[in-house]
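**Q** this one's structure only:
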């Protein structure tokens, strides 16, 4: 899977009566290690931010197989624009789509092969000639509630979307939409418990927060607590602000360092579901992650742990050794194909994301009451 990224976010220039918009993009894998290796037609569309808003200008862009970046220049001099507007860069075949879809095709991995990007809003009439470093991704899950996620354009991988997080978000969407119940009956049972009581969910190492927010937008009566290091606080809060939770669902954030005591927001609660997406790539953080999971499962013995990972390095095997030594029991494993062209850099060559369902050493009773049937997506 590849992502359209801004190397230079859009900027409007006014000089000698001419008005132009410039930006620089690239087309890379999730960690930015390798670039898209084929010719590809893209499009830059300047349009109103709203779903049914007007399109002011569209230009075809040609990505070449040996490129590392691509300059964008749009002449706005004779174009009528009802500001504010956003720049959307996407594959040309997707020219009329507002969102990237979580598609229900196994060969596509249920995700777009190339993820488009939206800039923040520009409004030169109000003095806003240049966007900041934050960009937006827009997705349409099978359950229909639009998912808007912001990420940063800087170097911090903690504030970027990762393949494993998007794959887990799409997977949960399919389970709730009753497309994959046969793959994960225990997970379906946990999610179904929200039909008769509140579902309490914790996400570790949430990054942008896409997995937890996606779940909160899908499952009614779901209370999601996102956690990560304090450096992601402002970005996650922005994504929580943009969220559209399902009925009686909510999302919150708490800073959590795996090497520190559990914060009050975490230690004071029990959880039904613990989400862990793309958290074992760094071998140094594996022991404190396992210790944190052990502490959590001691407080929530019947919790289900849902992990997703795209293998980046052989050192990640350390996680499974430590995890199993704590008595965690594997209930199921699913391999999700990563759509599009694989990369060839650090961790880019993996063609699948693995999703695991675990319980602790002493799991307690079933999550579903007698007669419980299925999930009711919002």
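**A** Perfect, I can see it now. This one's a predicted model, so the numbers in the text were calculated from it and none came from an experiment.

**Q** after the lowest-mean-pLDDT helix or strand in the chain comes which helix or strand?
**A** The weakest-scoring helix or strand in the chain, judged by mean pLDDT, DSSP states H and E, is strand 100-101 (a mean of 76). Downstream of strand 100-101, the next assigned helix or strand under DSSP states H and E is strand 114-115.

**Q** what separates that following strand from the chain centre, distance-wise?
**A** Mean-position distance between strand 114-115 and its chain equals 12 Å (C-alpha atoms, centre = their mean, to the nearest Å).

**Q** Check which helices and strands whatever helix or strand comes next after that strand is in contact with.
**A** Going down the chain from strand 114-115, the next helix or strand is strand 117-118, by DSSP H and E. On a contact count with 3 or more C-beta pairs under 8 Å, 6 or more residues apart in numbering; DSSP states H and E, strand 117-118 meets strand 2-15, strand 86-91, strand 134-140. Using the backbone N, CA and C atoms, a C-beta is placed for each residue, glycine as well.

**Q** With distance to residue 269 and mean neighbour count as added columns, please give these in a markdown table.
**A** Formatted as a markdown table, the helices and strands packed on strand 117-118 follow (distance: least, C-beta to C-beta, whole Å; neighbours: other C-beta atoms under 10 Å):
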| stretch | distance to residue 269 | mean neighbour count |
| --- | --- | --- |
| strand 2-15 | 34 | 18 |
| strand 86-91 | 38 | 23 |
| strand 134-140 | 29 | 20 |
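
**Q** Export those strands to a markdown table and append columns for distance to residue 334 and mean pLDDT.
**A** Compiled in a markdown table, the helices and strands packed on strand 117-118 are given as follows (distance: least, C-beta to C-beta, whole Å; pLDDT from 0 to 100):
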| stretch | distance to residue 334 | mean pLDDT |
| --- | --- | --- |
| strand 2-15 | 23 | 94 |
| strand 86-91 | 28 | 95 |
| strand 134-140 | 20 | 93 |
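
**Q** Looking at these, which is nearest to residue 260?
**A** Of all the helices and strands packed on strand 117-118, strand 134-140 sits nearest to residue 260, with 27.9 Å by C-beta to C-beta.

**Q** Identify the residues contacting the closest one?
**A** For strand 134-140, the surrounding residues in contact (C-beta atoms under 8 Å, 6 or more residues apart in numbering) are 5-6, 9, 86, 98-102, 115-120, 146-153, 161, 169, 235, 238.

**Q** That one versus strand 2-15: what angle between them?
**A** 130 degrees (axes from the mean of the first three to the mean of the last three C-alpha atoms, to 10 degrees).

**Q** Report the angle between strand 134-140 and strand 86-91.
**A** 60 degrees.

**Q** Give the rounded mean pLDDT of the helix or strand that comes right after strand 134-140.
**A** Later in the chain than strand 134-140, the nearest helix or strand by DSSP H and E is strand 147-152. Averaging pLDDT along strand 147-152 yields 95.

**Q** so how far does stretch 220-233 reach from one end to the other?
**A** The straight-line separation of the ends of stretch 220-233 (C-alpha to C-alpha, to the nearest Å) is 25 Å.

**Q** Residue 238 and residue 150 touch, don't they?
**A** Yes: at 5.3 Å, residue 238 and residue 150 qualify as touching, with contact defined as C-beta atoms under 8 Å.

**Q** of those two, who's got more company?
**A** residue 150 (21 against 17; other C-beta atoms under 10 Å).

**Q** and that one, what does it touch?
**A** Residue 150 sits next to 134, 135, 136, 137, 208, 235, 238, 239, 242 when contact means C-beta under 8 Å, 6+ apart.

**Q** Can you tell me how far the second one is from residue 54?
**A** Residue 135 sits 21 Å away from residue 54 when distances are taken as C-beta to C-beta, to the nearest Å.

**Q** can you check the last one too?
**A** For residue 242, the distance to residue 54 equals 22 Å [C-beta to C-beta].

**Q** Could you do the third one as well?
**A** Distance, residue 136 to residue 54, using C-beta to C-beta: 18 Å.

**Q** Could you do the fourth one as well?
**A** The spacing between residue 137 and residue 54, counted by C-beta to C-beta, is 22 Å.

**Q** Repeat that for the fifth one.
**A** Computed with C-beta to C-beta, the distance linking residue 208 and residue 54 is 29 Å.

**Q** what about these two, which has more around it?
**A** Neighbour totals were compared for residue 208 and residue 54, and residue 208 leads with 26 against 12 (other C-beta under 10 Å).

**Q** where does residue 171 land in three-state SS?
**A** With DSSP: H, G, I helix; E, B strand; the rest coil as the basis, residue 171 sits in helix.
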